[in-house]
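# can you look at this prediction? I've put the sequence above it.
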Amino acid sequence: MLLRWLTRQLAAYLTKEISHNSIRTSTWDALVTTIQPGDVLLVEGTTRISVAIKYLTQSTWSHAALYLGPDAGLGTSAKGETHTLIEADLEQGIRPLPLSHYRHAHTRICRPVGLSERDVATLTEYARSRIGHQYDMRNVFDLARYLLPTPPVPAQHRHKLLAFGSGDPTRAICSTFIAEAFQRLRYPILPVVELLPADDPDCHDCIRELYRVKHHSLFTPRDFDASPYFRIVKPTIEANFDYRALNWGDEVSDVELP
């Protein structure tokens, strides 16, 4: 009971917003028009736990959600908005939510290439089956230690620390839940690639590539951004951007961006 109480208190502390420095990089209309089922939406979080994740991964992105669209059967919010995203939340576990939840956030769309309708249906079925599963709280305790002003962790080891946790299949963190969904399709994110002899009698120097799946617990939000198999989609450019149409002021602004 005490441990459960402590984890709830820690979760509430870590999810508290501590800054408002996130700047959205596209209009709401452009985001809604551009995003498609199967896309991974990366988010620059502004909570305490986001600070720890960004430190450990040396990345802007601290959170990831899977967009499944308005026809995924995810229900509606208390305000009547259709749920189109699924994410792993620290306090509420894996949950559906509307896209408007990140309306004012700095986001990035990472798009898998070549998914069929059946593939999207597989992602949806898996994600829906995970709703209600809890965040891996052992990861939370591990992450909390790295909120110290100067965590004593060499840069080359920071990424590995996010693999800590219980290993319980009913638990998840935001990126591992999504990575496991794509691995059900055998869709690559950042696979381990082995170079082996091609065994071609006509080409002794030829090699072949053998792909091996990396365990889903090792993935972080930045891996979808770094993956060569996900297309980075920027809504502003997709919406027929024309730099000539921008309304520039005559004076140079000395206002610093937050």
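Nice, thanks for sending it over. Residues are numbered from 1 along each chain as shown.
# Val43 contacts Ala64, doesn't it?
Yes: counting by CB atoms under 8 Å, Val43 touches Ala64, with 7.1 Å between them. Every C-beta, even on glycine, is put in place using the N, C-alpha and C of the backbone.
# shared neighbours of these two, which are they?
Counting by CB atoms under 8 Å, 6 or more residues apart in numbering, the shared contacts of Val43 and Ala64 are Pro221.
# show me where the stretch 51-200 of the chain has helices.
With DSSP state H, counting those that start in this stretch as the criterion, the stretch 51-200 of the chain has helices at 117-130, 137-144, 155-158, 174-183.
# need the residues that contact stretch 24-36.
41, 67, 69, 99-100, 103-109, 111, 233-236, 238-239.
# returning to that earlier point: worst mean pLDDT among the helices of the stretch 51-200 of the chain?
Note on the helices of the stretch 51-200 of the chain: lowest mean pLDDT is at helix 155-158, with a mean of 54.
# quick one, which of Val43 and Ala64 is more surrounded?
Ala64 (27 against 22; other CB atoms under 10 Å).
# hmm, back to that, can you flag the buried ones in the contacts of stretch 24-36?
Neighbour-count burial (16 or more other CB atoms under 10 Å) applied to those gives 41, 67, 69, 99-100, 105-109, 111, 233, 235.
# so who does the closest residue to Leu185 other than its chain neighbours touch?
Distances taken as CB to CB, 6 or more residues apart in numbering put Asp119 closest to Leu185, at 5.4 Å, once the chain neighbours are dropped. Neighbouring residues of Asp119 by CB under 8 Å, 6+ apart: 38, 185, 187.
# for the last one, give me phi and psi.
This points to Tyr187. phi -90, psi 130 (degrees, to the nearest 10).
# which residues pair with the residue nearest to it when sequence neighbours are not counted across the strands?
Among residues not flanking Tyr187 along the chain, Pro112 sits closest, at 5.7 Å (CB to CB, 6+ apart). Under DSSP bridges, the beta-bridge partners of Pro112 are Phe230.
# which residues touch Pro112?
Neighbours of Pro112 in contact, by CB under 8 Å, 6+ apart: 38-40, 182, 187, 229-231.
# make TSV from those residues and add neighbour count to it.
Converted to TSV, the contacts of Pro112 look like this (neighbours: other CB atoms under 10 Å):
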residue	neighbour count
Gly38	24
Asp39	23
Val40	25
Phe182	26
Tyr187	21
Tyr229	15
Phe230	23
Arg231	12
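# mind putting the residues you listed in TSV, distance to Gly80 included?
Output for those, formatted as TSV (distance: CB to CB, whole Å):
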residue	distance to Gly80
Gly38	25
Asp39	23
Val40	26
Phe182	31
Tyr187	33
Tyr229	36
Phe230	32
Arg231	32
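# Glu81: which of those residues is nearest?
Asp39 (18.2 Å; CB to CB).
# hmm, that closest one is touching Ile109, no?
Yes: at 5.2 Å, Asp39 counts as touching Ile109 under the criterion of CB under 8 Å.
# which neighbours do those two have in common?
Counting by CB under 8 Å, 6+ apart, the shared contacts of Asp39 and Ile109 are Val233.
# name the residues of stretch 238-253 that are buried.
In stretch 238-253, counting by 16+ other CB under 10 Å, buried: nothing.
# what is the mean pLDDT for it?
Mean predicted lDDT for stretch 238-253 stands at 81.
# pull the residues that contact it.
In contact with stretch 238-253 (CB under 8 Å, 6+ apart) are residues 27, 29-30, 33-34.
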